[in-house]
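In: this one's structure only:
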């Protein structure tokens, strides 16, 4: 096995693209998920992955073999993401632009406005990788929207350390080497990062766990949600929500907390006559839907992607994303009304 890896490295250093792909392809999907956790953006994660692989290709001569190829790639990806986080070019908040609809006053304005969902279709083989002994989180939990959002509120260095140590389970000395710092610095950043993450996650402490994916409980609440949303039945919709339900719409900064505020927002949408068809998909290990606006013609234009977070048999969070995410989920930009 070691001889085979050494042979591949030698061939890749000599310019053999197939050998380089054989070295890096087994880690490609998990690296993309790592970049997503770091950046909170599916598109930014794709870009960071491509830049990571390009940097690895160009820098393979500097790989000294002290660490594994996987650890070396994580070092490159982490530092690429840190550069992105520290740059001034992150996506800004967007203003409300739905004609004929005046949203109610939000409960608050959100701090994370660049968040994007991650298609479940790309998670296969990416969150079942062996974890180091330091890992503290289940991989399914660590890809949820709530967790990824909480991560984005940490300073970049703390964010990187929490993911590398508590999500992936790398040893402190490995993380110190990746970040070109000391073990003491890593331990300090981890302590502060854990405290910050815990503060951000207090709102979901005590919530019932979500039902198992594709279980009868999940299928029932999803079916009830689809019926309520497609028929604009606000009472039925609100009955599905937890008391402390949370609704957000990145890159719009508007956030609505609690049943009453979510009811007011939905009433503003449905009251303006907007009606939708929902097409099921999955994102971040959670039920999701492509939403299509029903208009006067047979063409229904996609308006975005909805992702539900469940607690027991209720919905505790609903996040709406822009329609630019539809192709990432293999969903069309528009639907044609089926013939009767």
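Out: Received the coordinates, thanks. As the structure is a prediction and not an experimental result, all values here were calculated from the model. Numbers count the residues shown, from 1 in each chain.
In: low-confidence stretches in this protein?
Out: Applying pLDDT under 70 to the chain picks out residues 1-5, 88-91, 202-206, 338-340.
In: how about the strands in it?
Out: For the chain, the strands defined by DSSP state E occupy 108-109, 241-249, 252-257, 276-283, 286-293, 299-311, 314-321, 334-336.
In: now for the fourth one, which elements pack on it?
Out: So that's strand 276-283. Applying 3 or more C-beta pairs under 8 Å, 6 or more residues apart in numbering; DSSP states H and E, we find strand 276-283 packed against helix 216-230, strand 286-293, strand 299-311. (Glycine included, C-beta is placed from N, CA and C.)
In: most neighbours per residue, which of the ones you listed?
Out: strand 286-293 (a mean of 24; mean count of other C-beta atoms under 10 Å).
In: in its sheet, what does that one sit against?
Out: Partner strands and pairing direction for strand 286-293 (DSSP bridges) are strand 276-283 (antiparallel), strand 299-311 (antiparallel).
In: and the angle for it with strand 314-321?
Out: 50 degrees (axes from the mean of the first three to the mean of the last three C-alpha atoms, to 10 degrees).
In: can you list contacts of strand 286-293?
Out: 117, 144-145, 210, 218, 222, 225-226, 274-282, 300-310, 320, 326, 329, 331, 334-335 (C-beta atoms under 8 Å, 6 or more residues apart in numbering).
In: ok so, going back, and the strands of the chain as TSV, adding distance to residue 231?
Out: Shown next, in TSV, are the strands of the chain (distance: least, C-beta to C-beta, whole Å):
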stretch	distance to residue 231
strand 108-109	30
strand 241-249	16
strand 252-257	21
strand 276-283	10
strand 286-293	14
strand 299-311	16
strand 314-321	16
strand 334-336	18
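In: just so I know, which of these lies nearest residue 20?
Out: Closest to residue 20 of the strands of the chain is strand 276-283 (C-beta to C-beta; 31.1 Å).
In: flag every buried residue along the closest one.
Out: Within strand 276-283, the residues scored as buried using 16 or more other C-beta atoms under 10 Å are 276-279, 281-283.
In: assess the claim that residue 294 and residue 275 are in contact.
Out: Yes - in terms of C-beta atoms under 8 Å, residue 294 counts as a neighbour of residue 275; the distance is 4.5 Å.
In: stretch 62-74: which residues count as buried?
Out: Of all the residues in stretch 62-74, those buried under the rule 16+ other C-beta under 10 Å are 63, 69-74.
In: adding distance to residue 53, write the helices and strands packed on strand 276-283 out as TSV.
Out: Below are those laid out as TSV (distance: least, C-beta to C-beta, whole Å):
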stretch	distance to residue 53
helix 216-230	36
strand 286-293	28
strand 299-311	27
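In: to residue 107, which of the ones you listed lies closest?
Out: Nearest of the helices and strands packed on strand 276-283 to residue 107, taken as C-beta to C-beta: strand 299-311 at 16.8 Å.
In: and the closest residue in space to residue 144 that isn't next to it in sequence, how close does it get to residue 305?
Out: Excluding the flanking residues, the one nearest residue 144 by C-beta to C-beta, 6 or more residues apart in numbering is residue 284, at 5.5 Å. According to C-beta to C-beta, to the nearest Å, residue 284 and residue 305 sit 11 Å apart.
In: cool, and residue 242?
Out: When residue 242 is compared with residue 305 (using C-beta to C-beta), they lie 21 Å apart.
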